[in-house]
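Peer 1: Sequence and predicted structure, then a few things I'm wondering about:
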Amino acid sequence: MNGAPTVSVVIPAYNAARYVSDAVESALAQTGVTVEVVVVDDGSTDDTAARIEAFGARVRCERQRNAGPGAARNRGVSLTSAPFVAFLDADDAWLPDRLARCVERLEADDHPGFVTTDACLVRDDVVTQERYYGGLIATDFPEHDQLGAMLEANFVYASVVTRRTLIESVGGFDEDRALISSEDFELWLRFLLAGERAALVPDALALYRVHDASLSASPKQWDAHLCALERNLPAVWARGVVGSARDTWAIAQRLIARGDRAGAQPFLAMAARDPDLGAARRLRLRVAATGARLGRR
């Protein structure tokens, strides 16, 4: 399409044979943009690769040993070249004008760094009237204090559209397997720490599938969430944002359990600064912080 912006669509897929064709078809059906689509088969043991290869030259299928969605997304980005990059999960799908609307928002006068949209939830293969925002997550999309809001809840639907230059500037997704199911949250934190801002197109321009096999339903998500915070909270604190005492306390306990009392000390100390804590709990945290500090001597 002459003059239309070009967008690289990156789809990580692991044992996604049941849904991946719908995802790819929705990417190829985008209007108002030119798309290059790459699906990274992350070590699937089902027919995922065959479903992708059925699209022929319209879609690049890249296979790799299982390394997790962060690594698959990074691989996909490295294999594409468009100035805009969009991430699509293999079990989700888009309405035809989603990419064009997101690129338009990226190029608006206020220049947000990354953009997402609302989505309709799909339950048992039925598209419902339930929305991602105000439905699956109760959190409204914040226009201000986004760094603080991100510490309360990941308010960015993962099907983000952004500029390639931003991804490259922060180093892409962290590929540590400990972050699986929170690797997107961790990257959004780094986007915000880099001074960028998220924006929302409020229309439901995607279909978000809710099912037990999704990584977001994994019982390990809380551990992955804490891992992401552990890596980024010191930089967040440097911006004057404190965060949740519950989270910082939990991270401190993880560090102590690993024998890293010195690493735990600043998390304990920061947890004790939470103004909503009662006096008794604040004293307990301060004593714990002092003990951690003395324990490293």
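Peer 2: Happy to help now that I have it.
Peer 1: Can you identify each of the helices in the chain by residue range?
Peer 2: Counting by DSSP state H, one finds helices in the chain at the ranges 20-28, 48-53, 69-78, 98-106, 146-152, 164-170, 183-193, 221-238, 245-257, 261-271, 279-295.
Peer 1: Adding distance to R177, mean neighbour count and mean pLDDT, write the ones you listed out as JSON lines.
Peer 2: Heads up, the C-betas are built off the backbone N, CA and C, glycines and all. Shown next, in JSON lines, are these (distance: least, C-beta to C-beta, whole Å; neighbours: other C-beta atoms under 10 Å; pLDDT from 0 to 100):
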{"stretch": "helix 20-28", "distance to R177": "22", "mean neighbour count": "21", "mean pLDDT": "98"}
{"stretch": "helix 48-53", "distance to R177": "20", "mean neighbour count": "20", "mean pLDDT": "97"}
{"stretch": "helix 69-78", "distance to R177": "9", "mean neighbour count": "22", "mean pLDDT": "98"}
{"stretch": "helix 98-106", "distance to R177": "29", "mean neighbour count": "22", "mean pLDDT": "98"}
{"stretch": "helix 146-152", "distance to R177": "22", "mean neighbour count": "19", "mean pLDDT": "95"}
{"stretch": "helix 164-170", "distance to R177": "20", "mean neighbour count": "15", "mean pLDDT": "98"}
{"stretch": "helix 183-193", "distance to R177": "9", "mean neighbour count": "23", "mean pLDDT": "98"}
{"stretch": "helix 221-238", "distance to R177": "9", "mean neighbour count": "18", "mean pLDDT": "95"}
{"stretch": "helix 245-257", "distance to R177": "16", "mean neighbour count": "19", "mean pLDDT": "92"}
{"stretch": "helix 261-271", "distance to R177": "20", "mean neighbour count": "22", "mean pLDDT": "90"}
{"stretch": "helix 279-295", "distance to R177": "28", "mean neighbour count": "15", "mean pLDDT": "53"}
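Peer 1: out of those helices, nearest to V40?
Peer 2: helix 69-78 (4.1 Å; C-beta to C-beta).
Peer 1: Who are the contact partners of the most centrally placed residue in the chain?
Peer 2: The chain has D184 as the residue nearest its centroid, 1.9 Å off, counting by C-alpha atoms, centre = their mean. D184 makes contact with F87, N154, V156, A158, V160, F173, according to C-beta atoms under 8 Å, 6 or more residues apart in numbering.
Peer 1: hmm, back to that, can you redo the helices of the chain as CSV, where the extra columns are distance to D118?
Peer 2: Formatted as CSV, those follow (distance: least, C-beta to C-beta, whole Å):
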stretch, distance to D118
helix 20-28, 16
helix 48-53, 28
helix 69-78, 22
helix 98-106, 10
helix 146-152, 17
helix 164-170, 22
helix 183-193, 17
helix 221-238, 22
helix 245-257, 27
helix 261-271, 34
helix 279-295, 38
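Peer 1: so which of the ones you listed gets nearest P12?
Peer 2: Using C-beta to C-beta, those put helix 69-78 closest to P12, at 3.4 Å.
Peer 1: packing partners for that closest one?
Peer 2: Applying 3 or more C-beta pairs under 8 Å, 6 or more residues apart in numbering; DSSP states H and E, one finds that helix 69-78 contacts strand 6-13, strand 34-42, strand 59-64, helix 183-193.
Peer 1: Run the angle between it and strand 59-64 for me.
Peer 2: 130 degrees (axes from the mean of the first three to the mean of the last three C-alpha atoms, to 10 degrees).
Peer 1: Distance of the residue nearest to S244 when sequence neighbours are not counted relative to T248?
Peer 2: Closest residue in space to S244, ignoring its immediate chain neighbours: L151 at 6.2 Å, by C-beta to C-beta, 6 or more residues apart in numbering. According to C-beta to C-beta, to the nearest Å, L151 and T248 sit 10 Å apart.
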